[in-house]
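Visitor: Quick check, what structure comes out for this input:
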Amino acid sequence: MKRSLRGKVAVVTGGARGIGAATAAVLAAEDAKVVIGDLDPGLAAETAAGLPGEVVALPLDVTDTAGFTAFLDQVEAELGPIDVLVNNAGIMPLGDFEQESESTAARQLDINLRAVIHGTKEAARRMRGRGGHIVNLASFAGKIPVPGGATYSATKHAVVGLSESVRQELRGTGIEVSCVMPGVVRTELTAGLTDLPAVLRSVGPEDVAEAIVRALQRPKFDVYVPRRLAVLDRSSRLLPRAVAEWAMRRLGGDTMMLQAAHSGERTDYEKRAARSA
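Guide: Residues are numbered from 1 along each chain as shown. Just a heads-up that it's a prediction; the model follows:
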């Protein structure tokens, strides 16, 4: 049966823009009580003000574990127990691996992985005994190699592994886990990614948001956006490595991230990502 989200307390990290903002909008349309947590409180408030129903914006730096816990405490004090946590906050700096600075690598580990680990732990602890749903935003880059985004890909592979393991631990507790694996999404994060092959053509953030809400209404672990990526992932795993890598080169998957990194179209995003922690 389709589960109702009416009155459910749903928290979205990094919810002021992109996939996070789109997810908050779809949750609000389903009459959930939505909390947008973001490093940019002004933009978060602006996003919340444009949505219907009960939508609250609160400042959140997911790399501050004590602050993240305090944020969730505040949510529960003001709105009640958390039913849904969407660990969405993330960054994707691109470039040659050997030239990546230690600070850039550390930011990705802190935001894309450590924050998801902490958020997942906090949600599981709060939901135990009454149920709930944890949604972790990974990426299709968590299933395939991504030259030009090696550290990003590493964090997303880790989020996939984390989500799969936690799902097994929580089996039978009433706590659902979903792992969302979008391909190329038309947000600032993917600036410069152009001339994509048909199988990797981009989707909008609203497509990812709708897929997340469908997974909340009818619990599902693997959430590929678009769905054809599930077929691509499974079929590539059946092929010998040499054949799979040849196919990736034919699709341009071995160069598209590096081309985007050197295109000059990512300057604004890369600067903002560098200030994100």
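
Visitor: where's the longest helix along the chain relative to the chain centroid, distance-wise?
Guide: With secondary structure taken from DSSP state H, the chain has its longest helix at helix 150-169. Computed by CA atoms, centre = their mean, to the nearest Å, the chain-centroid distance of helix 150-169 equals 11 Å.

Visitor: Please name every helix or strand in contact with that helix.
Guide: Other helices and strands packing on helix 150-169, by 3 or more CB pairs under 8 Å, 6 or more residues apart in numbering; DSSP states H and E, are helix 102-108, helix 115-127, strand 132-137, strand 175-182. For glycine as for every other residue, the C-beta is placed from the backbone atoms N, C-alpha and C.

Visitor: Would you mind finding the most buried of these?
Guide: strand 132-137 (a mean of 26; mean count of other CB atoms under 10 Å).

Visitor: and Glu210, that's in a helix?
Guide: Yes: the assignment for Glu210 by DSSP: H, G, I helix; E, B strand; the rest coil puts it in a helix.

Visitor: To which secondary structure element is the closest residue to it other than its chain neighbours assigned?
Guide: Of all residues not flanking Glu210 in the chain, Val26 sits nearest, at 5.9 Å (CB to CB, 6 or more residues apart in numbering). Element membership of Val26, judged by DSSP states H and E, is helix 18-29.

Visitor: got the angle for that helix vs strand 175-182?
Guide: Orientation check (axes from the mean of the first three to the mean of the last three CA atoms, to 10 degrees): helix 18-29 against strand 175-182 gives 130 degrees.

Visitor: Could I get the average pLDDT for helix 18-29?
Guide: The pLDDT scores in helix 18-29 average 98.

Visitor: Could you pull out the strands in this protein for me?
Guide: If DSSP state E is used as the criterion, the strands of the chain fall at 9-13, 33-38, 55-59, 84-87, 132-137, 175-182, 222-225.

Visitor: Ser276: which of those is closest?
Guide: With CB to CB as the criterion, Ser276 lies closest to strand 33-38 of these, at 10.5 Å.

Visitor: contact partners of the closest one?
Guide: 7-17, 20-21, 24, 27-28, 44, 47-48, 51, 53-60, 62, 71, 75, 79-80, 89 (CB atoms under 8 Å, 6 or more residues apart in numbering).

Visitor: returning to what we had before: number of nearby residues for the residue nearest to Glu210?
Guide: With neighbours defined by other CB atoms under 10 Å, the count for Val26 comes to 21.

Visitor: ditto for Gln99
Guide: Gln99: 8 neighbours (other CB under 10 Å).

Visitor: separation between it and Lys33?
Guide: As for Gln99, its distance to Lys33 is 45 Å (criterion: CB to CB, to the nearest Å).

Visitor: With mean pLDDT added, can I get the helices and strands packed on helix 150-169 in TSV?
Guide: Shown next, in TSV, are those (pLDDT from 0 to 100):
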stretch	mean pLDDT
helix 102-108	97
helix 115-127	98
strand 132-137	98
strand 175-182	98
